[in-house]
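Asker: Need a 3D model of the sequence below.
(2 chains)
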Protein chains: 2
Amino acid sequence: MREGFHDLEWLARTRAEGDVQAWLSLIPYARRIGVTAQADPDGEGLLFRLDPREENVGNVLLPALHGGVVAAFMETAATLDLMLAAREPRLPRIVDLSIDYLRTARVVPTLARCTLLREGRRLGNVQVSSWQEREGVPIATARLHFVLGDPSAS
Amino acid sequence: MREGFHDLEWLARTRAEGDVQAWLSLIPYARRIGVTAQADPDGEGLLFRLDPREENVGNVLLPALHGGVVAAFMETAATLDLMLAAREPRLPRIVDLSIDYLRTARVVPTLARCTLLREGRRLGNVQVSSWQEREGVPIATARLHFVLGDPSAS
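Answerer: Below is the predicted model of the structure:
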């Protein structure tokens, strides 16, 4: 049996177990920039983490993370959070992304939390907040739309 | 002499020479995902290229590039294009990014071209189009705002 997002049984099981690491293992780029996820200790849902890595630096003088890494981190977080928070197993496909950069992202651990604003039959709308020192001092906020696909469709 | 974006002499010289590779060499993350730039053979300004790399894959089943890589590529392109196209040496600092995903980004060479829509005293507005097979069939479009900094300010 091939495991993967289009394998409904595998998707339902990993979802029931909250095994987000199994999903991340199928996303080479997320592993590459250093994204991990765990059950949110302070609430429901997931807390996402981006490891500080020199290769993710965009400005060597500050030094600061590349804005594109922050965007990719938030996009990964939104996708996985939506997969877990949706009422049933769905495969999100990104439609658009808007991100506001609020502060310089230093090369330290970066966290993110998502809010599912809307889960329609076809469309999901997710908001993401990302921070470093304190959650109340975000480095970026983002909102994303996804088309929600049926995982049993190939 | 330390070379870098805050070294006005170095910035002016690399700009005059169109040495975008010198700029890219200061952005570890851009090198990591495989961004290069060359003078646009079909026009003025720059043509950007993202190498196809397995590590940039977001969906192993399609396979497709991670949307975050495409976002990072377009953000890098917009930043460098603005540095070259601005009337004088400026250091762009990203304010926000909006991207529309139009088609699946396959793991093949990806190109991008930028248009500087506005260059004010403090704000720059850049539009980016990215494609794979044909420029007329974009995989994504983006628009970005930047605050334009004085490179001599530390």
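
Asker: and the closest residue to residue A:89 other than its chain neighbours, which of the three is it?
Answerer: The shortest distance from residue A:89 to any residue other than its chain neighbours is 4.7 Å, reached at residue A:11 (C-beta to C-beta, 6 or more residues apart in numbering or on different chains). No exception for glycine: its C-beta is placed from N, CA and C like everyone else's. Three-state assignment for residue A:11 (DSSP: H, G, I helix; E, B strand; the rest coil): helix.

Asker: where's residue A:11 relative to residue A:84, distance?
Answerer: Distance of residue A:11 to residue A:84, computed by C-beta to C-beta, to the nearest Å: 11 Å.

Asker: Could you do residue A:150 as well?
Answerer: Distance of residue A:150 to residue A:84, computed by C-beta to C-beta: 17 Å.

Asker: With residue A:33 instead?
Answerer: Remark: distance between residue A:33 and residue A:84 (C-beta to C-beta) = 20 Å.

Asker: Give me the more crowded residue out of the two.
Answerer: residue A:33 (27 against 20; other C-beta atoms under 10 Å in any protein chain shown).

Asker: Residue A:56 contacts residue A:67, correct?
Answerer: No - Residue A:56 lies out of contact with residue A:67 (C-beta atoms under 8 Å); the separation is 10.6 Å.

Asker: Residue numbers of chain A in contact with chain B?
Answerer: Within chain A, the positions adjacent to chain B are A:4-6, A:26-30, A:32-33, A:54-61, A:65-69, A:71-73, A:75-76, A:94-101 by C-beta under 8 Å from any C-beta of the partner chain.

Asker: what sits against the residue positioned nearest the centre of chain A?
Answerer: For chain A, the residue lying nearest the average C-alpha position, counting by C-alpha atoms, centre = their mean, turns out to be residue A:77 (0.8 Å). Taking C-beta atoms under 8 Å, 6 or more residues apart in numbering or on different chains, we find residue A:77 in contact with A:35, A:37, A:46, A:48, A:112-114, A:128, A:130.

Asker: For chain A, just list every one of the helices.
Answerer: Under the criterion DSSP state H, helices of chain A are mapped to A:8-16, A:20-24, A:28-33, A:67-85.

Asker: any idea which residue of chain A is furthest from its center?
Answerer: Ranked by distance from the centre of chain A (C-alpha atoms, centre = their mean), the top residue is residue A:61, with 27.8 Å.

Asker: any idea how far that one lies from residue A:109?
Answerer: From residue A:61 across to residue A:109, the span is 21 Å (C-beta to C-beta).

Asker: Also residue A:9?
Answerer: As judged by C-beta to C-beta, residue A:9 and residue A:109 stand 35 Å apart.

Asker: Residue A:46 is in contact with residue A:36, correct?
Answerer: No - using C-beta under 8 Å, residue A:36 is not in contact with residue A:46, being 10.1 Å away.

Asker: Neighbour count: the two, which is higher?
Answerer: With neighbours defined as other C-beta under 10 Å, residue A:36 and residue A:46 compare such that residue A:46 has more, 21 against 14.

Asker: which residue sits closest to the more buried one, ignoring its sequence neighbours?
Answerer: Per C-beta to C-beta, 6+ apart, closest to residue A:46 is residue A:37, 5.0 Å.

Asker: got it, and residue A:152?
Answerer: residue A:8 (4.8 Å).

Asker: Residue A:140 too?
Answerer: Closest residue to residue A:140 apart from its sequence neighbours, by C-beta to C-beta, 6+ apart: residue A:130 at 4.8 Å.

Asker: correct me, but the one you found touches residue A:74?
Answerer: Yes - between residue A:130 and residue A:74 there is a contact under C-beta under 8 Å: 5.7 Å.

Asker: Mutual contacts of those two, please.
Answerer: A:112, A:140, A:142.

Asker: Who are the contact partners of the residue farthest from the centre of chain A?
Answerer: Contacts of residue A:61 by C-beta under 8 Å, 6+ apart are B:4-6, B:26.

Asker: before we move on, what about residue A:87?
Answerer: By C-beta under 8 Å, 6+ apart, the contact list for residue A:87 reads residue A:119.

Asker: just to revisit the earlier point, the residue nearest to residue A:152 contacts residue A:89, correct?
Answerer: Yes - the criterion here is C-beta under 8 Å, and residue A:8 meets it with residue A:89 at 6.5 Å.

Asker: what does stretch A:11-23 contact?
Answerer: If you take C-beta under 8 Å, 6+ apart as the criterion, stretch A:11-23 is touched by A:3, A:5, A:36-39, A:46, A:80, A:83-84, A:89, A:151.

Asker: List the strands paired with the least confident helix or strand in chain A by mean pLDDT, with their directions.
Answerer: Across the helices and strands of chain A, the lowest-confidence element by mean pLDDT, DSSP states H and E is strand A:57-59, at a mean of 90. Strand A:57-59 sits in its sheet next to strand A:64-65 (antiparallel), going by DSSP bridges.
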